[in-house]
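Trainee: Just a sequence and a predicted model for now, questions to come.
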Amino acid sequence: MAQLVVTAVLVEGRSKSEVARQYGVSRRWVITLVQRYQAEGDAGLQPRSRRPRSSPQRTEPALEDLIVELRKELDRDGHEAGAATIAFHLQQRHGHTPAISTIWRILSARGFVTPQPHKRPKSSYVRFAAEQPNERWQLDITHWALADGTEVEILNLLDDHSRLCLASTARTVFKARDVDDTFRKAAAAYGNPASMLSDNGAVFTGRSRGQGRVALELTLNARGIAFRHSRPYHPQTCGKVERFHQTLKKWLRKQPPAGTLSQLQRQLDGYRTYYNTARPHRALHRTTPQQAYDARPPAVPTGTPLNDEHYRVRHDRIDTSGVVTLRHDSRLHHIGVGRRHAGTDVLILVRDLHVRVLTSQGELVRELTLDPAKDYQPQAGP
């Protein structure tokens, strides 16, 4: 079209205003084209770059290199490495940072950003979060493997409000007493929570299996702490601690494989410190969990502390060797009642360590005080 505009003016002798109206361009553009043609000939009509001669606001190449280096460092160590996280670390280390959008554009230009499929808008998500620290704690167990392939378990305990990792402990297999010990140590450091949330694992609760209360339930009841459980096959209820499992495992995969439980525990302790105090959390407006935990007063238990005495009733049948079983404090005990009663249906009444074994007709078969240190409770001598 540039050639037509120049021809209309210089060859046909038409006015610049008339030509501008005919081709739908400005009169200033027509004047510019004519001047370029007169000065440079046909070369003056070729399209020219609109790039400015200078860009005073352009990010310095050295800063771009620093952003890329930090991205590689965070990714290499298994940490979250998005634009907002990089901005946080730049501010912490150097006292200044470009806008998050600028960092994102630099990462995109350098090939670090992979286009993602369209996702649901954030406004469509319904988030559930406690209003105060210690209002609700979440705990769960996940699995990991040592360098030689040995399967171990990791118990993670998280504050629902601040996402603060209260405990991250590794054991070969967690028993109910181990879970209770981990909780007690966390409560000694951070105070008792108002409530606890977990799934229905046997180390967390025995009620769904008719086994009475496990160690953690006894401790929570004694302290007036409410204990709630997610419904079966619905891990989303404990979503915060489930998400922490993923974050932790992503980091562990970038570390040298731990050969022993003690080595793995040192890795967990190191990551817990970084996660709580140095890693900005997206759900916390890019503050750290420790900052979010310290920003508000913690909640306290509101329930009535219950008596530690443990009452329950159990139906059983005496086996061929004259023994019935009873689980106490997550440990299975065998109670001898005599072979003469083999096959008899019995009712076991339990009040803490006091146990009574009765037939279905109400006849007392045996009464004893359970010895928690012994697996087998023999009958008294004649």
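Mentor: Nice, I can see it. Numbers count the residues shown, from 1 in each chain.
Trainee: The nearest residue to residue 113 once chain neighbours are set aside - how many residues pack around it?
Mentor: Leaving aside its sequence neighbours, residue 113 sits nearest to residue 107 (CB to CB, 6 or more residues apart in numbering; 5.0 Å). Using the backbone N, CA and C atoms, a C-beta is placed for each residue, glycine as well. Using other CB atoms under 10 Å, residue 107 is surrounded by 19 other residues.
Trainee: Which helix or strand contains residue 107?
Mentor: Using DSSP states H and E, residue 107 sits in helix 100-109.
Trainee: following that helix, which helix or strand comes up?
Mentor: Remark: after helix 100-109, the chain's next helix or strand is strand 137-145, criterion DSSP H and E.
Trainee: Enumerate the positions of whichever helix or strand comes after that next one that are buried.
Mentor: Tracing the chain past strand 137-145, the next element assigned as helix or strand by DSSP H and E is strand 151-159. Neighbour-count burial for strand 151-159 flags 152, 153, 154, 155, 156, 157, 158, 159 (criterion: 16 or more other CB atoms under 10 Å).
Trainee: ditto for stretch 101-116
Mentor: Buried residues in stretch 101-116 (16+ other CB under 10 Å): 102, 103, 104, 105, 106, 107, 112.
Trainee: okay, these in TSV with pLDDT and distance to residue 13 next?
Mentor: What follows is these, written out as TSV (pLDDT from 0 to 100; distance: CB to CB, whole Å):
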residue	pLDDT	distance to residue 13
102	90	52
103	89	57
104	87	54
105	87	50
106	89	53
107	88	56
112	84	58
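Trainee: Dump those residues to CSV, plus distance to residue 141.
Mentor: Below are those laid out as CSV (distance: CB to CB, whole Å):
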residue, distance to residue 141
102, 42
103, 37
104, 37
105, 42
106, 41
107, 36
112, 35
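Trainee: of those, closest to residue 15?
Mentor: residue 105 (45.7 Å; CB to CB).
Trainee: Who are the contact partners of residue 136?
Mentor: 130, 159, 160, 161, 193, 194, 195, 196, 197 (CB atoms under 8 Å, 6 or more residues apart in numbering).
Trainee: Quick check: which ranges of this protein have low pLDDT?
Mentor: 54-57, 115-127, 207-212, 232-235, 306-311, 330, 381-382 (pLDDT under 70).
Trainee: What strand or helix carries the residue nearest the centre of it?
Mentor: Closest residue to the average C-alpha location of the chain: residue 244 at 2.2 Å, with CA atoms, centre = their mean. Assigned by DSSP H and E, residue 244 belongs to helix 239-253.
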